[in-house]
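1. with the input below, show me the fold.
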Amino acid sequence: APAAAAPGPQKEAPAATGSDEGCGGAGETPCSPANKIITFDYRFPIGWGLLNWVLIVLLSFLFAWCCCACCLRVPRANTR
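-> Below you'll find the model as predicted:
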């Protein structure tokens, strides 16, 4: 016997358009591959996206600098 359909009305997903993606519409970020990366798939406006990327790069640099400062430092001579 075939499986019973789920109860309730069945709706089809609407067709995707450019404005559904979060770009290209009035007051939205222009659609482009670079903008898609900068804005984290159009979740943020350009300004917030750039701020997020600056923080990511800055924190990555600081983390790497701290690791290098700890792991690559020269041991101090024993001065008594």
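2. G49: neighbour count?
-> Taking other CB atoms under 10 Å as the neighbour definition, G49 ends up with a count of 20. Heads up, the C-betas are built off the backbone N, CA and C, glycines and all.
3. surely it and F40 touch.
-> Yes: counting by CB atoms under 8 Å, F40 is a contact partner of G49 at 6.0 Å.
4. pLDDT averaged over the longest helix belonging to the chain - what is it?
-> In the chain, assigned by DSSP state H, the helix with the most residues is helix 46-71. Per-residue pLDDT values over helix 46-71 give a mean of 95.
5. helices or strands up against that helix?
-> Helices and strands touching helix 46-71, by 3 or more CB pairs under 8 Å, 6 or more residues apart in numbering; DSSP states H and E, are helix 33-38.
6. which elements pack onto the helix it packs on?
-> For helix 33-38, the contact count by 3+ CB pairs under 8 Å, 6+ apart identifies helix 46-71 as packing neighbours.
7. distance from the chain centre to the helix it packs on, please.
-> 14 Å (CA atoms, centre = their mean, to the nearest Å).
8. next one: the residue nearest to the spatial centre of the chain from W48, what distance?
-> In the chain, the residue lying closest to the centroid (CA atoms, centre = their mean) is F40, at 3.7 Å. F40 sits 9 Å away from W48 when distances are taken as CB to CB, to the nearest Å.
9. with adjacent residues omitted, what lies nearest to F44?
-> On the basis of CB to CB, 6 or more residues apart in numbering, the spatially nearest residue to F44 that is not a chain neighbour turns out to be N52, at 6.7 Å.
10. what about that neighbour, how many residues close to it?
-> Applying other CB under 10 Å, we find 15 other residues in the vicinity of N52.
11. how much space between it and C70?
-> 27 Å.
12. I figured the residue nearest to the centre of the chain hits L51, correct?
-> No: because the distance of 11.4 Å does not satisfy CB under 8 Å, F40 is recorded as not touching L51.
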